[in-house]
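Q: Need a 3D model of the following:
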Amino acid sequence: MAALRDMAESGSDANEVIDLAERHLVQPWPYAGSVGAEARPLIGEGDGITIVDGDGKRLIDGPAGMWCINVGHRREELARAMYDQAMQLCYNTPWYTMNAPSAELAERIAGHAPGDLSHVFYTTGGSTAVETALRFMQFYNNARGRPEKKLILSRGGSYHGSTYLSASLNGRPRDRDWMDGADDLVVKLTTPNPFRRPEGVSREGFADFLVAEFRQTVERIGAERIGAFVGEPIQASGGVIIPPDGYLKRIREICRENDILYISDEVVTAFGRLGHVFASGEVFGLEPDMITFAKGVTSGYFPLGGVVISERLLEELRRSNQPDAMFGHGLTYTSHPIGCAVALKNLDLLENEVLEHAREVAPYFQQQLRTLEELPLVGEVRGMGLMACVECVADRESNDPLQLDKDVGKRIDQHCHELGLLVRPLINMCVMSPPLIITRPQIDTMVGILREGISRTMEELRKEGVWRG
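A: As a prediction, this is how the structure comes out:
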């Protein structure tokens with residue numbers, strides 16, 4: 001517990017840190033009633049698949065930070081890569097210079113990307129990666145003399161970021177209740193969630209329903225006005241939504257037929273979460289026009305993201321009659337040498353040991369979590385690879401998402417915290433996406449704690465008369 005000891009040695013303790021946060025720190029996604037006056041659970045250190053909170057309690061890191069600590073906490077190889085690169089070159093301006101790690105990483109990323117996706121533009125994270133892809137689409141159509149082809153298709157249940165354009169795509173409940181967005185540029189489609197498909201639509205016919213809706217939307221609006229479709233292969237923060245078989249490939253074909261760019265948002269699913277560097281091609285058989293990535297590219301050790309772009313798009317720009325058109329977009333930390341150096345070492349770890357382990361252990365992870373469907377509070381357990389969601393319902397006949405208690409996920413997380421597991425609660429859901437290095441015994445421990453946390457929550461809800469079970 002070196003980090004906690006360091007706090008004590010420096011004269012600060014957990015209570016002092018909490019006080020500082022409440023007086024000076026603005027947390028992300030705050031409520032107006034507590035904005036700027038809030039402290040959240042303190043994390044002091046991490047090691048492997050575990051973290052230690054401010055009270056010294058060791059917890060399994062169920063969400064892997066935020067879907068990102070793929071190779072685990074405290075990997076000396078990544079810390080060393082940061083140090084070595086900082087001692088050689090800590091930064092260079094990307095406006096008129098470049099560095100070696102960014103070029104080397106671009107080559108290796110392109111080698112894993114499907115189809116002709118062969119060029120990489122680096123950003124600072126997932127939001128800026130999606131923002132970059134959208135701005136590139138706008139630039140691409142402007143340079144090709146199609147300024148009206150700018151509308152973006154996205155879906156309910158999606159999460160694509162917190163910058164203005166990327167956040168405008170979001171389709172999760174409550175994301176946009178109090179926030180503005182570019183609503184004139186975005187058209188929302190049905191969430192591809194078989195568990196909550198529209199009434200009267202069978203599970204077998206759901207893919208046909210979604211594809212028909214997509215095609216009808218293109219026909220209604222006009223392909224000449226639609227620039228891109230943006231979709232996560234699996235909707236992560238929407239509750240690990242696994243789309244119907246074949247649906248994504250059929251959407252890709254409609255996009256190709258209508259010259260609509262297909263942007264696959266792999267901020268979560270890339271770099272091992274589904275057992276491969278990219279899931280679009282290896283898992284879903286897709287060849288998108290662009291893929292966005294972040295999170296697992298450095299396993300969360302350094303902020304880095306990017307967009308992998310099709311050679312075809314770049315060649316069309318080079319052949320356009322607007323050779324002086326400028327893609328006026330870039331970031332101070334684009335192609336950051338430390339971030340790229342860490343990503344190179346992280347890719348070494350993934351390729352040499354972690355990806356194979358993730359593919360091997362994933363079926364056991366899914367199998368054990370699905371045993372939780374025995375509990376009457378659980379409506380569905382769904383997932384793929386090393387990401388899963390436990391969705392709780394008031395009753396299994398209506399699949400009511402517990403409207404009487406919207407904090408059921410938080411209740412489960414609080415019980416699990418006491419038992420040694422950190423969970424990511426999403427209203428009536430609990431999301432699990434542990435570090436990819438998790439072992440079978442650790443999966444057993446994680447599922448056992450989650451089972452007990454749900455059981456304690458059921459008993460709580462019964463005593464309060466909120467839920468009968």
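Q: Tell me the backbone dihedrals of the spatially most distant residue from the centre of the chain, please.
A: Ranked by distance from the centre of the chain (Cα atoms, centre = their mean), the top residue is residue 321, with 37.8 Å. Dihedral angles of residue 321 (phi, psi; degrees, to the nearest 10) stand at phi -90, psi 20.
Q: which residues in the stretch 251-400 of the chain form helices?
A: With helices called from DSSP state H, counting those that start in this stretch, the stretch 251-400 of the chain shows them at 279-282, 311-318, 337-349, 355-370.
Q: So which bits of the second one are buried?
A: Read that as helix 311-318. By neighbour count with 16 or more other Cβ atoms under 10 Å, helix 311-318 contains the buried residues 313, 317. For every residue, glycine as well, the C-beta is placed using N, CA and C.
Q: pLDDT weak spots in the chain?
A: Residues of the chain meeting the criterion pLDDT under 70: 1-12, 402-404.
Q: In it, which residue is most central in space?
A: Centre-nearest of the chain using Cα atoms, centre = their mean is residue 268, 3.3 Å out.
Q: Not counting sequence-adjacent ones, nearest residue to it?
A: residue 236 (3.9 Å; Cβ to Cβ, 6 or more residues apart in numbering).
Q: okay, now that neighbour: neighbour count?
A: 24 (other Cβ atoms under 10 Å).
Q: Let me see the contact set for it.
A: By Cβ atoms under 8 Å, 6 or more residues apart in numbering, the residues touching residue 236 are 67, 159, 267-269, 387, 431, 433.
Q: Out of these, which comes closest to residue 78?
A: Distance to residue 78, by Cβ to Cβ, is smallest for residue 67 among these, at 17.1 Å.
Q: Distance check, the closest one against residue 293.
A: 12 Å (Cβ to Cβ, to the nearest Å).
Q: What spatial separation is found between the residue nearest to residue 268 and residue 70?
A: Taking Cβ to Cβ, one finds residue 236 at 14 Å from residue 70.
Q: quick one on the thing from earlier: point out the most buried one among the helices of the stretch 251-400 of the chain.
A: Highest mean neighbour count among those (mean count of other Cβ atoms under 10 Å): helix 337-349, with a mean of 24.
Q: can you give me how far the biggest helix by length in the chain is from the chain middle?
A: Longest helix in the chain by number of residues, with DSSP state H as the criterion: helix 440-463. For helix 440-463, the separation from the chain centroid amounts to 25 Å (computed by Cα atoms, centre = their mean, to the nearest Å).
Q: what angle separates it from helix 355-370?
A: Orientation of helix 440-463 against helix 355-370 (axes from the mean of the first three to the mean of the last three Cα atoms, to 10 degrees) gives an angle of 30 degrees.
Q: Who are the contact partners of the closest residue to residue 375 other than its chain neighbours?
A: In space, and not counting its chain neighbours, residue 375 is closest to residue 454: 5.4 Å by Cβ to Cβ, 6+ apart. With contacts defined as Cβ under 8 Å, 6+ apart, residue 454 is in contact with 372, 375, 377-378, 390, 392, 412, 430.
Q: change it to 10 Å
A: 372, 375-378, 390, 392, 408, 411-412, 415-416, 430 (Cβ atoms under 10 Å, 6 or more residues apart in numbering).
Q: likewise residue 440?
A: Here residue 440 is in contact with 360-361, 364-365, 368 (Cβ under 10 Å, 6+ apart).
Q: Would you mind confirming that the residue nearest to the centre of the chain is in contact with residue 232?
A: Yes. If you go by Cβ atoms under 10 Å, residue 268 and residue 232 touch, sitting 6.8 Å apart.
Q: can you list residues touching both of those two?
A: Joint contacts of residue 268 and residue 232 (Cβ under 10 Å, 6+ apart) are 159, 279.
Q: And residue 156, its phi and psi?
A: The phi/psi pair for residue 156 (degrees, to the nearest 10) is phi -60, psi 150.
Q: where does it sit relative to residue 213, distance-wise?
A: Counting by Cβ to Cβ, the separation of residue 156 from residue 213 is 11 Å.
Q: overlap in contacts of residue 236 and residue 70?
A: 273, 295, 433.
Q: Reformat the residues you listed into CSV and put distance to residue 25 and neighbour count next to each item.
A: As requested, the shared contacts of residue 236 and residue 70 are exported to CSV (distance: Cβ to Cβ, whole Å; neighbours: other Cβ atoms under 10 Å):
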residue, distance to residue 25, neighbour count
273, 29, 28
295, 23, 29
433, 26, 27
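Q: so how many other residues sit close to residue 377?
A: Neighbour count of residue 377, defined by other Cβ under 10 Å: 24.
Q: you'd agree it is up against residue 390?
A: Yes. Judged on Cβ under 10 Å, residue 377 makes contact with residue 390 at a distance of 9.3 Å.
Q: who touches both of these two?
A: Shared contacts of residue 377 and residue 390 (Cβ under 10 Å, 6+ apart): 412, 428, 454.
Q: tell me which of those is nearest to residue 134?
A: Using Cβ to Cβ, the shared contacts of residue 377 and residue 390 come closest to residue 134 at residue 428, 31.0 Å.
Q: distance of residue 419 from residue 382?
A: Taking Cβ to Cβ, one finds residue 419 at 23 Å from residue 382.
Q: same question, residue 179
A: The separation that residue 179 has from residue 382, given Cβ to Cβ, amounts to 28 Å.
Q: and what of residue 330?
A: On the measure of Cβ to Cβ, residue 330 and residue 382 end up 39 Å apart.
Q: Likewise for residue 315?
A: 40 Å.
Q: cool, and residue 300?
A: Shown here: residue 300 relative to residue 382, a distance of 24 Å by Cβ to Cβ.
Q: can you check residue 111 too?
A: Taking Cβ to Cβ as the measure, residue 111 falls 32 Å from residue 382.
Q: So for the two, which residue has more residues nearby?
A: Comparing residue 111 with residue 382 by other Cβ under 10 Å, the one with more neighbours is residue 382, at 23 against 10.
Q: Please name the bridge partners of that one.
A: Beta-bridge pairing for residue 382 (DSSP bridges): residue 389.
Q: Run a quick neighbour tally on the nearest residue to residue 405 once chain neighbours are set aside.
A: Closest residue in space to residue 405, ignoring its immediate chain neighbours: residue 466 at 5.1 Å, by Cβ to Cβ, 6+ apart. The number of residues packed near residue 466 is 13, by other Cβ under 10 Å.
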